[in-house]
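J.: Whatever this is, show me its structure:
(chains A and B)
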Protein chains: 2
Amino acid sequence: MNRDKLDPWGSSSIKDYSRLQSEFGIEPVAPLLPRFKRPSHHLSRGIDFGQRDLSRVLDAMDNNRPYAVMSGIKPTGDFHLGTKMTADDMVYFQSLSTKAMVFYAVADVEAYADNGLSFEQTAKIATRNVADILALGLDPERAVVYLQSEELRVMRLGTVFSKGVTNNMLKAIYGERQIGLYMAALFQAGDILMPQLPELGGPKPVLVPVGADQDPHIRLARDLAAKYHEDYGFIPPSSVYHRLMLGLSGSDKMSKRAAASLLTLDDPPKDASHKISTAFTGGRDTVEEQRRLGGRPDICPVFDLYRFHFAKDDGHVEKVHDECAEGVRLCGECKQEANGLVKAFLEAHHKKRDSMMKDARDLMAKSRSYLSSAGK
Amino acid sequence: MNRDKLDPWGSSSIKDYSRLQSEFGIEPVAPLLPRFKRPSHHLSRGIDFGQRDLSRVLDAMDNNRPYAVMSGIKPTGDFHLGTKMTADDMVYFQSLSTKAMVFYAVADVEAYADNGLSFEQTAKIATRNVADILALGLDPERAVVYLQSEELRVMRLGTVFSKGVTNNMLKAIYGERQIGLYMAALFQAGDILMPQLPELGGPKPVLVPVGADQDPHIRLARDLAAKYHEDYGFIPPSSVYHRLMLGLSGSDKMSKRAAASLLTLDDPPKDASHKISTAFTGGRDTVEEQRRLGGRPDICPVFDLYRFHFAKDDGHVEKVHDECAEGVRLCGECKQEANGLVKAFLEAHHKKRDSMMKDARDLMAKSRSYLSSAGK
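T.: A predicted model of the protein is given here:
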């Protein structure tokens, strides 16, 4: 089995991010870092490691020209630390320019096709998800949220694109799949290219922040942008890829498919604390061994909690890393510290999120009315 | 090659309608004829030859209970004598009960996937098509017209159904196809089952009048109705099949794919007259031979003009048939008579159709507002 397969619908495991470059043509982010005045923690900590055509979006920023930040999140449950990463990137890239407009697709069609959730179930979840991303800092003034299944533009584009692909092309990108997933993929391409429709401002750079395992969707959307350039003037979408958060139980990717691996933004601090205390770590079999050899932060989901989300700053990440690797820091104390950070975050987030449910509903209503009147 | 393949997207040829019964399970209409008080010319002339579960719709009629008549017509151009047959059936089965509601799907998604017409092109054509069916007698008071690509219910059902089928199942029904056609097929199943959604009155008998070559769509919709019965309460849709009109040039099915074979409801009488005068016939090589052996009305598209559309009554059809078969009637005079009938029809139809463009727009607007408010 190829351990570096990119499967947007599976539990991907990526052992060697640099190989994505040679195998799939994902470019490194590092050479572009000097162009960011205040890099996000994703950028400064190497979490956003790869990109395609990111410079096109940076050019737009520099020239004060409009661009869109677009991503889709499946409304299968509360945000967890994996989906939070996509949300954090959307918030960050929106904050870099007053000309940035966020399009947040609630991927209910994919949630149905991939997870079997009904549109009624997902509509309820979606509002809480929107409150989550608002609490994470999204500016509702420059954001459009929509349900895939309510947006005819997405459905129509998906239909249009279905004629621009062959079964072999889809098979090459996604492997042999049932038609439901292929359809979901075409609708996703519709999501990615929708911000460039004339009534939504026309062709513009679009940045899609996603987990590395979602690159197949980006490749498909870029293929289709080229294929339909003549009809729609599409500019190939840009992308930025974040590393996949390890599951707490030592599973591959943090995912709703592996419940024990999951820390959600809705977890009561007590539950989170329990999950952290029983989490897999990069520690050694005995204290003596750990003191002597050091821990292994690179395979440790508890270290990921610091690095990906909760460390106070980059220095803090470095400190935890070095103390662990040098055998100074043991897992028990490390978990305890993480626990305190997670607890503080969750308590603050719950409060903020709960106070933003009305804002979430308002944003969804405003978006609905914007989209239904656009181009009329 | 199997001459009796049923290909909804090709130029089907059906040489032996009775074989459809044994091969595909289509039931004959004949045993149900006594249940019709005033059979249409399609019924009395054996043009509507097959059905599935038609008795369920007849039961609803007899008991004065609601049923729907549903069909889709691709907006690829003006109605022609082939599409007129579907329209005639919709009008007839609507007329049989005040509890009958027609759903007319403008199959623009299929027109896109199969014929590459843009939604902008098809939207224009659709209004003329609606005026055509109104001129043919559709009662706008009990009719809902919608564009597939504008109806989220169809798109959502298609998406739901995409999870209920396997690639192998689609391949068994349609053969190996590109995903665009499979998607169009799933949306079509959405069209067929939409009238049973709760906000549109809930489960009820639905009759789908179609050409025999469209049976694959009916089989798929019936499979899906059974598969989703628990979730939606779907009753398997009923169907009635008409024979395929021969192309004037002797081509298989009258179809936009074979322009010379085509007589459209928009043809100027002069053009129609030219097409008829140059049409293929079931005549013999010489007058002498024809007098001696008789013509062959069963393979003659000119005879089809009488039988399928323009004969004054059933006796007239019989007369033309017998005179031809007995060698009394020659092709020249037969074409001339047909020509007169077609001319009279076209002149009257054009007048009626042109006067109904506003009614067509009104019906479409009324339908749009009905559908968008249903269930809210």
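J.: could you say what helices and strands the helix or strand containing residue A:230 packs with?
T.: Element membership of residue A:230 [criterion: DSSP states H and E] is helix A:229-232. Under the contact criterion of 3 or more CB pairs under 8 Å, 6 or more residues apart in numbering or on different chains; DSSP states H and E, helix A:229-232 touches no helix or strand at all. In short, each C-beta sits where N, CA and C put it, glycine included.
J.: tell me the mean pLDDT for that helix?
T.: On average, the pLDDT along helix A:229-232 is 94.
J.: ok, now stretch A:271-286?
T.: 94.
J.: and for that stretch, what are the contacting residues?
T.: Outside stretch A:271-286, the residues within contact range by CB atoms under 8 Å, 6 or more residues apart in numbering or on different chains are A:248-250, A:260, A:262-263, A:267, A:290, A:293, A:295-303, A:305, A:324, A:330-331, A:334-335, A:338-339, A:342-343, A:346.
J.: taking the residues you listed one by one, which sit in helices?
T.: In helices, defined here by DSSP state H, the members of the contacts of stretch A:271-286 are A:290, A:293, A:301-303, A:324, A:331, A:334-335, A:338-339, A:342-343, A:346.
J.: near chain B, anything from stretch A:207-216?
T.: No: counting by CB under 8 Å from any CB of the partner chain, no contacts exist between stretch A:207-216 and chain B, the nearest distance being 15.5 Å.
J.: what's the span of that stretch from first residue to last?
T.: 15 Å (CA to CA, to the nearest Å).
J.: Can you give the distance of that stretch from its chain's centre?
T.: Chain-centre distance of stretch A:207-216: 7 Å, with CA atoms, centre = their mean, to the nearest Å.
J.: picking up where we left off before, among the contacts of stretch A:271-286, which are in reach of chain B?
T.: When CB under 8 Å from any CB is taken as the criterion, no member of the contacts of stretch A:271-286 contacts chain B.
J.: Can you say which of these are buried?
T.: A:248-250, A:262-263, A:267, A:290, A:295, A:297, A:300-303, A:305, A:324, A:330-331, A:334-335, A:338-339, A:342-343, A:346 (16 or more other CB atoms under 10 Å in any protein chain shown).
J.: all strands of the stretch 151-300 of chain A, in order?
T.: In the stretch 151-300 of chain A, the segments counted as strands under DSSP state E, counting those that start in this stretch are A:206-211, A:238-242.
J.: Just give the nearest non-adjacent residue to residue A:244, would you?
T.: Once flanking residues are discounted, residue A:244 sits nearest to residue A:253: 4.4 Å by CB to CB, 6 or more residues apart in numbering or on different chains.
J.: what sits opposite that neighbour in the beta ladder?
T.: Counting by DSSP bridges, residue A:253 is bridged to residue A:246.
J.: Break down the stretch 51-200 of chain A into its helices, ranges please.
T.: Ranges of helices in the stretch 51-200 of chain A, per DSSP state H, counting those that start in this stretch, are A:54-62, A:81-95, A:108-115, A:119-135, A:152-162, A:167-174, A:179-193.
J.: Now do the third one: everything it contacts.
T.: Spelled out, it's helix A:108-115. Contacts of helix A:108-115 with the rest of the structure, by CB under 8 Å, 6+ apart, involve A:9, A:72, A:74-76, A:117-119, A:122-123, A:126, A:147-149, A:154, A:180-181, A:183-184, A:187-188, A:256, B:159-160, B:162-163.
J.: returning to that earlier point: in JSON lines, list the helices of the stretch 51-200 of chain A along with mean neighbour count and mean pLDDT.
T.: Shown next, in JSON lines, are the helices of the stretch 51-200 of chain A (neighbours: other CB atoms under 10 Å in any protein chain shown; pLDDT from 0 to 100):
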{"stretch": "helix A:54-62", "mean neighbour count": "19", "mean pLDDT": "98"}
{"stretch": "helix A:81-95", "mean neighbour count": "23", "mean pLDDT": "96"}
{"stretch": "helix A:108-115", "mean neighbour count": "25", "mean pLDDT": "80"}
{"stretch": "helix A:119-135", "mean neighbour count": "20", "mean pLDDT": "93"}
{"stretch": "helix A:152-162", "mean neighbour count": "23", "mean pLDDT": "91"}
{"stretch": "helix A:167-174", "mean neighbour count": "16", "mean pLDDT": "92"}
{"stretch": "helix A:179-193", "mean neighbour count": "26", "mean pLDDT": "93"}
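J.: end-to-end on stretch A:124-144?
T.: Start-to-end, stretch A:124-144 (CA to CA) is 18 Å.
J.: Find the centremost residue of chain A, please.
T.: The structure's chain A has its C-alpha centroid closest to residue A:86; by CA atoms, centre = their mean the separation is 2.4 Å.
J.: Who are the contact partners of that one?
T.: Contacts for residue A:86 were tallied using CB under 8 Å, 6+ apart; they are A:71, A:73, A:209-211, A:242.
J.: Mind picking the two most distant members of the residues you listed?
T.: Spanning the widest gap among the contacts of residue A:86 are A:73 and A:242, at 13.3 Å by CB to CB.
J.: how far away is the residue of chain A positioned farthest from its centre from residue B:314?
T.: The C-alpha centroid of chain A is most remote from residue A:288, which lies 39.0 Å away (CA atoms, centre = their mean). Noted for residue A:288: a distance of 102 Å to residue B:314, by CB to CB, to the nearest Å.
J.: Run the chain-centre distance for stretch A:38-47.
T.: So, by CA atoms, centre = their mean, the centroid of stretch A:38-47 is 14 Å from its chain's centroid.
J.: Need the phi and psi values for the residue nearest to residue A:243 when sequence neighbours are not counted.
T.: Leaving out its chain neighbours, the residue that sits closest to residue A:243 by CB to CB, 6+ apart is residue A:47, at 5.3 Å. Dihedral pair for residue A:47: phi -80, psi -50, per degrees, to the nearest 10.
J.: With that, I have no additional questions.
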